[in-house]
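Undergrad: Sequence and predicted model, in that order:
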Amino acid sequence: MTRPYLGNPKYTIEVLQKYGFVFQKRFGQNFLIDTRVLDRIIEASEITKDDFVLEIGPGIGTMTQYLADAAREVTAVEIDDALIPILQDTLKEWDNVSVIHGDILKTDIKRIADEKNNGRPIKVVANLPYYITTPIVEASLDIDFDILHTEMCTADSLLQRMGRCNRKGRYFPEEANIFIYDNRNGVGKNCIYDPVMYDRSLDLLAQYENLEFVERMKTTYMNQVYDPDKIKKTSYYEEIEDCLQRLSKIHPVDYKLKEAEIRKIDSVTVVPEDIYQEKMDLFEYGTDFLRKSNISKETKSLIRSKLEELTLSIGIYNKYPEEIDRTSIGFKNYKSVTDIYRTEYKYDFEPETGKGAGLLTSEILEQNGIFV
């Protein structure tokens, strides 16, 4: 069997140059190139040939190769269109790997566990950027992590990540099961983490090393890190005071929608035309129910969730693609009931094998010999 090779920077660079890959800042992309770290992650995760592993954000497939070498089966979920053909290349020697092209936040992880592991607990491995970790954990409510590897961050973010580690108490570690890497990623001026608060979080955490970090300790830790008397003269504290002062002066009538926009995510939720045609009855019945005023919010939420299982999220860059409808599915009488749009882009995916190139934004459907 082929041995993992992408942990070597030489091969990583070759792959990136071969495909002309450009890192996407919006996905927080960074690829592991340290074989020692990769070996340690696999060892600490205690992956065996009996395990099914879900990897979130495989990148070019570096850790995926190591996981496939250690596990019975691996399913990797990747959102970036540009990485799908790269993964097909770098993982072609491993027949126990399947790649799903999609957003992990919209992926039915429980269904994957049911299909791939008979509903038994699965192992989840990911090399994630700091800003997406919490949303992924929140979206994966049925996942209980036994072991957590994470980058160091400020105390509030760190405890959120720890919150789901061994949540149900099914794992009884004889040694540490939370590993924190101090690489200062995202620390500094104009970055996500304030340097002073990062250092306080790290320094005060040291007293709990190799201890069972119980809730009482977490509360003490948070109070120590964010002690107002200790941080009052820091830029972090002054920035909070300044923001509160500014907010207190804003009158609601002066706060325009455009000014209130905090975070703009240019993307659209689409369903490929061939899937829409195949599931047309589901979409029609679903949108009919969404229009009814006597249907409960819970039922409507469930219907939308079922429809969204058939969708993908696609980024919008310079202009809205002509291959995507401008009218949402179910739009009627000037009222929208979904934010899902039909697209003519081809979709390459085989449910039986779990493999495929995903949404092909460079190709569109051909009908009657004419491209539409």
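TA: Received, thanks. Remember, it's a predicted structure, so these values are computed and weren't measured experimentally.

Undergrad: if you count residues, which helix in the protein comes out on top?
TA: helix 235-248 (DSSP state H).

Undergrad: what does it rub up against?
TA: For helix 235-248, contacts defined as CB atoms under 8 Å, 6 or more residues apart in numbering pick out 194, 196, 197, 228, 231. Every residue, glycine included, has its C-beta placed from N, CA and C.

Undergrad: and what of stretch 195-208?
TA: Looking at what lies outside stretch 195-208 - CB under 8 Å, 6+ apart - the contacts are 152-155, 158, 180, 182, 184, 187-189, 217, 221, 224-225, 230-231, 234-236.

Undergrad: Which of the residues you listed fall in strands?
TA: Using DSSP state E, the subset of the contacts of stretch 195-208 located in strands is residue 180.

Undergrad: and the contacts of stretch 195-208, which of them are in helices?
TA: Judged by DSSP H, the subset of those located in helices is 155, 158, 217, 221, 224, 225, 230, 231, 235, 236.

Undergrad: Leaving out sequence neighbours, find the closest residue to the last one.
TA: Using CB to CB, 6 or more residues apart in numbering and skipping the chain neighbours, the partner closest in space to residue 236 is residue 194 (4.3 Å).

Undergrad: With the fifth one instead?
TA: Once its chain neighbours are removed from consideration, residue 224 has its nearest residue in residue 204; the separation is 5.0 Å (CB to CB, 6+ apart).

Undergrad: about what we covered before: in this structure the residue nearest to residue 236 contacts residue 155, no?
TA: No. With contact taken as CB atoms under 8 Å, residue 194 and residue 155 are classed as non-touching, separated by 11.5 Å.

Undergrad: host element of residue 204?
TA: helix 195-205 (DSSP states H and E).

Undergrad: Please put the alpha-carbon coordinates of that helix into PDB.
TA: Extracted C-alpha coordinates of helix 195-205, given in PDB (Å, rounded to 0.1, in the frame of the first residue of the first chain):
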ATOM      1  CA  PRO A 195      -1.900  39.500  22.300                       C
ATOM      2  CA  VAL A 196      -2.300  40.500  26.000                       C
ATOM      3  CA  MET A 197      -5.400  38.400  26.400                       C
ATOM      4  CA  TYR A 198      -3.900  35.500  24.500                       C
ATOM      5  CA  ASP A 199      -0.800  35.500  26.800                       C
ATOM      6  CA  ARG A 200      -2.900  35.800  29.900                       C
ATOM      7  CA  SER A 201      -5.100  32.900  28.800                       C
ATOM      8  CA  LEU A 202      -2.000  30.800  28.100                       C
ATOM      9  CA  ASP A 203       0.000  31.700  31.200                       C
ATOM     10  CA  LEU A 204      -3.000  31.100  33.600                       C
ATOM     11  CA  LEU A 205      -3.800  27.800  31.900                       C
END
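
Undergrad: still on that earlier bit, quickly note the distance from the residue nearest to residue 236 to residue 202.
TA: Distance of residue 194 to residue 202, computed by CB to CB, to the nearest Å: 12 Å.

Undergrad: swap in residue 151?
TA: The separation that residue 151 has from residue 202, given CB to CB, amounts to 11 Å.

Undergrad: helix or strand right after the helix or strand hosting residue 274?
TA: If you go by DSSP H and E, residue 274 is part of helix 273-278. Downstream of helix 273-278, the next assigned helix or strand under DSSP H and E is helix 280-291.
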